[in-house]
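> Sequence and predicted structure below; questions after.
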Amino acid sequence: MQRFDVIILGGGLVGLTLGIALTRHGVTCAVVDPANADAAIAPGFDGRVSAIASATWNMLSAIGVGAKMEGKGCPIERIWVSDGLKPGALDFVTPEGDGAMGIMFENRELRIALRDAAKEADGLTLFQPDRAVTVNRDADGVTMTLSSGAELSGALLVAAEGRNSPTRDAAGMRVARWSYEHVGMVTAIEHEVPHANTAYEIFYPGGPFALLPMQPGNRSAIVWTVPAKHAPAMLALSDRAWLAEAQKRMGGFLGEISLVSPRSSYPLGFHHAASITDTRLALVGDAAHGIHPIAGQGLNLGLRDVATLTQVLVEGMRLGLDPGDAQLLTRYKRWRSLDTLSVAVSTDGLVRLFDMHGKLPSAIRRFGLGAVQKLTPLKDWFMAEARGESGALPKLLLGEAV
């Protein structure tokens, strides 16, 4: 029987980050994941990107992952939000010397950096590809048997398995969920006019159209939301016809465009676990909450779970507490509750607000964007939210070790 302080089920972006963060602070961890690690980092860009907010970047730097990603992402120095292509846009620009609001990375680059950092982490053991066959949790601890025959024991089990987490469901943890009846289409384009490190969020009835800056400066990722009933027809378009439709949404402001990655799609939905803890169990990332990609906060929300859980466990263990202690799990749950709920409610509200058709809703939206643009305190609050720098922050999000 191999003994660990924490056993993490799921070795995706959130689960592996948690394992690295904990072992950097002397907490022994096992990460169990059924996926083939090499397949996730195969050459070639698949169109999937993530916006790493500035606070999240602080954490990645503090745990040694950021150094492996230097120069591989595109800084976001401006965010431009509009109701279609009408006047009255909201324009966020970072003050000089204040640093970027975030950095856009290909997900593949994130996975490579995390894999390399995990291999160097003392106290972190990867069981991959492997899966849990039996799992037992009780007041005394956690034990499991893997399909490889390995037997593990630990004080705390963390579910980082994604939105369809079998561990969460087996624990009977209730989840509020609904579908947006939307499909997200994802790809990347090259364009004639440089993006100048600007992310564009253009809202249309039926779904937002996002352009996210990448390296080099004439390349951007597209996340285009369309009603599910229109998705089959959109996905069936030829590349040329699809680009023509995309150009209509862009208004041609980036000049001629061409595809540089395959087009892919996925359904969009919302889910939020009623509780993110149980006996010797904690949920992180999409196992705990899943939101619309409208504000690009999904991964950052999961990585803020990582920063919080790391601080709670490390500080508790320094006091002599077991990492699965109910007091620590209660602290984690309370610390994360306000942030996850507020982000979930605000993103869901934005989706519904901008999905309303008609001249009056459009006029109200443009008035609201214009008001935020003029009210500096409110604009600064929105910028702090985008950076992930609002509220009581764990030390890792400040770039400090726990």
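Arrived safely. Numbers count the residues shown, from 1 in each chain.
> Any idea how many residues pack against residue 95?
8 (other Cβ atoms under 10 Å). Yep, even glycine has a C-beta here, placed from its N, CA and C like the rest.
> Using the three-state scheme, assign it.
When classified by DSSP: H, G, I helix; E, B strand; the rest coil, residue 95 comes out as coil.
> Would you mind giving both backbone torsions of it?
For residue 95, the backbone dihedrals are phi -60, psi 150 (criterion: degrees, to the nearest 10).
> Which parts of the stretch 301-402 of the chain are helices?
Using DSSP state H, counting those that start in this stretch, the helices found in the stretch 301-402 of the chain span residues 326-354, 359-374, 376-387.
> Report the angle between the longest strand along the chain and helix 326-354.
Identified as the longest strand of the chain according to DSSP state E is strand 175-191. Relative orientation of strand 175-191 versus helix 326-354 (axes from the mean of the first three to the mean of the last three Cα atoms, to 10 degrees): 60 degrees.
> what's the helix or strand just after strand 175-191 packed up against?
For strand 175-191, the following helix or strand on the C-terminal side (DSSP states H and E) is strand 198-204. Secondary-structure packing of strand 198-204 (3 or more Cβ pairs under 8 Å, 6 or more residues apart in numbering; DSSP states H and E): strand 78-83, strand 207-214, helix 239-250.
> which one of the ones you listed lies closest to residue 334?
strand 78-83 (30.9 Å; Cβ to Cβ).
> does residue 217 sit in a helix or strand, and which one?
Applying DSSP H and E, one finds residue 217 in no helix or strand.
> re earlier: just say which of the helices and strands packed on strand 198-204 is most tucked in.
Highest mean neighbour count among these (mean count of other Cβ atoms under 10 Å): strand 207-214, with a mean of 24.
> Residues touching it, excluding its own?
Here strand 207-214 makes contact (Cβ atoms under 8 Å, 6 or more residues apart in numbering) with 49, 51, 74, 76, 104, 106, 182, 188, 195-203, 219-227, 246, 249-250, 254, 293-294, 296, 354-355.
> if I look at the nearest residue to residue 189 once chain neighbours are set aside, how far off is residue 161?
Using Cβ to Cβ, 6 or more residues apart in numbering and skipping residues adjacent in sequence, the residue nearest residue 189 is residue 257, 4.7 Å away. Distance, residue 257 to residue 161, using Cβ to Cβ, to the nearest Å: 37 Å.
> Between these two, which has more neighbouring residues?
More crowded of residue 257 and residue 161, by other Cβ under 10 Å: residue 161, with 27 against 21.
> With adjacent residues omitted, what lies nearest to the more buried one?
residue 10 (4.1 Å).
> Could you do residue 92 as well?
Residue 92 sits nearest to residue 79 (Cβ to Cβ, 6+ apart), 4.2 Å away.
> Likewise for residue 156?
With Cβ to Cβ, 6+ apart, the residue lying closest to residue 156 is residue 324, at 4.0 Å.
> Tell me if I'm right that the one you found and residue 153 touch.
No - in this structure, residue 324 is not within contact of residue 153 by Cβ atoms under 8 Å, at 11.3 Å.
> Need the overlap of contacts for the two.
141, 142.
> low pLDDT regions in the stretch 301-402 of the chain?
Along the stretch 301-402 of the chain, the model assigns pLDDT under 70 to residues 349-386, 389-390.
> Run a quick neighbour tally on residue 135.
19.
> partner residues bridging it?
residue 144 (DSSP bridges).
> confidence score at it?
pLDDT recorded at residue 135 is 96.
> Residue 248 now?
Reported pLDDT for residue 248: 94.
> ok, now how distant is it from residue 48?
24 Å.
> and the residue nearest to residue 92, what does it touch?
91, 92, 101, 198, 199, 200, 201, 386.
> In terms of helices and strands, where is the residue nearest to the spatial centre of the chain?
With distances taken as Cα atoms, centre = their mean, the residue of the chain nearest its centroid is residue 299 (0.8 Å). For residue 299, the host element (DSSP H and E) is helix 298-318.
> hmm, back to that, just the buried ones from the contacts of residue 79, in ChimeraX syntax?
Burial among those is assessed by 16 or more other Cβ atoms under 10 Å; the matching ChimeraX selection reads:
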select :92,101,198,199,200,201,386
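> Can you tell me the number of residues neighbouring the residue nearest to residue 121 when sequence neighbours are not counted?
Leaving out its chain neighbours, the residue that sits closest to residue 121 by Cβ to Cβ, 6+ apart is residue 23, at 4.5 Å. Neighbours of residue 23 under the rule other Cβ under 10 Å: 23.
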